[in-house]
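Q: I would like the atomic coordinates for the input below:
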Amino acid sequence: MTEPAMTDPAMKNKTPLIRVRDMHKTYDDGASRVEVLRGLDLEIARGERVAVVGSSGSGKSTLLHLIGALDNPSQGSVTIDDQNIHKLSIARQGTFRNRNLGFVYQFHHLLPEFTALENVAMPLVIRGEKMEVAKKKAAALIERVGLTPRQEHKPGELSGGERQRIAFSRALVTEPLCVLADEPTGNLDHTTAERVYDLMLDLNREFGTSFITVTHDYQLAAKMDRALKLEDGVLSPL
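A: Residues are numbered from 1 along each chain as shown. Presented below is the predicted three-dimensional model:
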């Protein structure tokens, strides 16, 4: 088992928010067996921004899915805020995700039939908050990302950069412990991507939310507190 990929020495004495231990993930379809993650270890501090880079098929998205309890490991554990998430029932995993994790993807996955405001409010409604309360909280966050004039527009009426800003707002509206971002700027032009980078960093500083971002973009990785490379199923400093 490899040593955990740690943050800077000043953070090492703090209790990590996320601990990944001896993580293995193997896909076996009967005809072939592919070991994607090989005893991977990782620790993320509260409020830390970490980038994971690697080639296509290296297992970056798989790692995010395992941390987010969207998939199960073949071996190993993920502990978030002292909770071993893979020991929870499916229902409790869903509740844990809603309360503690936010997700952003390359393709925004906004619901096309709802307005930007309704999309951002949705995680709070799912949690059980009244729609008017959820919309008030969503509107405040949309204002923070500079899109109040666009909040009644549906996703199809927004630009790519606007849709990603709304996606970040949706990910943060529950004030999660950590946001898991999978190629969040991969579908944007350079100028729009830069704006989204800056927004992500601003929101990290404002909310104290940890970010784990998997990306092909070395410029984005350089803006994080740490950048790690995933290769041959293990992590190493970039």
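Q: could you pull out the buried residues of stretch 29-47?
A: 36, 37, 38, 40, 41, 42, 43, 44, 45, 46, 47 (16 or more other CB atoms under 10 Å). Heads up, the C-betas are built off the backbone N, CA and C, glycines and all.
Q: stretch 60-78 too?
A: Buried residues in stretch 60-78 (16+ other CB under 10 Å): 60-69, 73, 76, 78.
Q: so which elements touch the lowest-mean-pLDDT helix or strand in the chain?
A: The helix or strand of the chain with the poorest confidence is helix 190-207; it has a mean of 78 (mean pLDDT, DSSP states H and E). Counting contacts by 3 or more CB pairs under 8 Å, 6 or more residues apart in numbering; DSSP states H and E, helix 190-207 packs against helix 160-172, strand 210-215, helix 218-222.
Q: mean neighbour count and distance to residue 236 for these - can I get that in TSV?
A: Formatted as TSV, the helices and strands packed on helix 190-207 follow (neighbours: other CB atoms under 10 Å; distance: least, CB to CB, whole Å):
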stretch	mean neighbour count	distance to residue 236
helix 160-172	24	28
strand 210-215	25	15
helix 218-222	16	13
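Q: of these, which is nearest residue 180?
A: strand 210-215 (5.4 Å; CB to CB).
Q: just checking: what are the partner strands of that closest one?
A: Using DSSP bridges, strand 210-215 pairs in its sheet with strand 49-53 (parallel), strand 178-182 (parallel).
Q: one step back: which one of the buried residues of stretch 29-47 sits closest to residue 101?
A: Nearest to residue 101, judged by CB to CB, of those is residue 44 at 12.0 Å.
Q: on that earlier part again, keeping just the C-alphas, turn the least confident helix or strand of the chain into PDB.
A: Written as PDB, here are the backbone C-alpha positions of helix 190-207 (Å, rounded to 0.1, in the frame of the first residue of the first chain):
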ATOM      1  CA  HIS A 190     -10.200  29.400 -23.100                       C
ATOM      2  CA  THR A 191     -11.600  32.800 -22.000                       C
ATOM      3  CA  THR A 192     -14.700  31.300 -20.500                       C
ATOM      4  CA  ALA A 193     -12.700  28.600 -18.800                       C
ATOM      5  CA  GLU A 194     -10.500  31.200 -17.200                       C
ATOM      6  CA  ARG A 195     -13.600  32.900 -15.800                       C
ATOM      7  CA  VAL A 196     -14.900  29.600 -14.400                       C
ATOM      8  CA  TYR A 197     -11.500  28.900 -12.900                       C
ATOM      9  CA  ASP A 198     -11.500  32.200 -11.100                       C
ATOM     10  CA  LEU A 199     -15.100  31.700  -9.900                       C
ATOM     11  CA  MET A 200     -14.200  28.200  -8.500                       C
ATOM     12  CA  LEU A 201     -11.300  29.600  -6.500                       C
ATOM     13  CA  ASP A 202     -13.400  32.600  -5.300                       C
ATOM     14  CA  LEU A 203     -16.100  30.200  -4.100                       C
ATOM     15  CA  ASN A 204     -13.600  28.000  -2.400                       C
ATOM     16  CA  ARG A 205     -12.200  30.900  -0.500                       C
ATOM     17  CA  GLU A 206     -15.700  32.300   0.400                       C
ATOM     18  CA  PHE A 207     -17.300  29.000   1.500                       C
END
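Q: buried sites along the helix or strand residue 230 falls within?
A: Assigned by DSSP states H and E, residue 230 falls within strand 226-231. Of the residues in strand 226-231, 226, 227, 228, 229, 230 count as buried by neighbour count, 16+ other CB under 10 Å.
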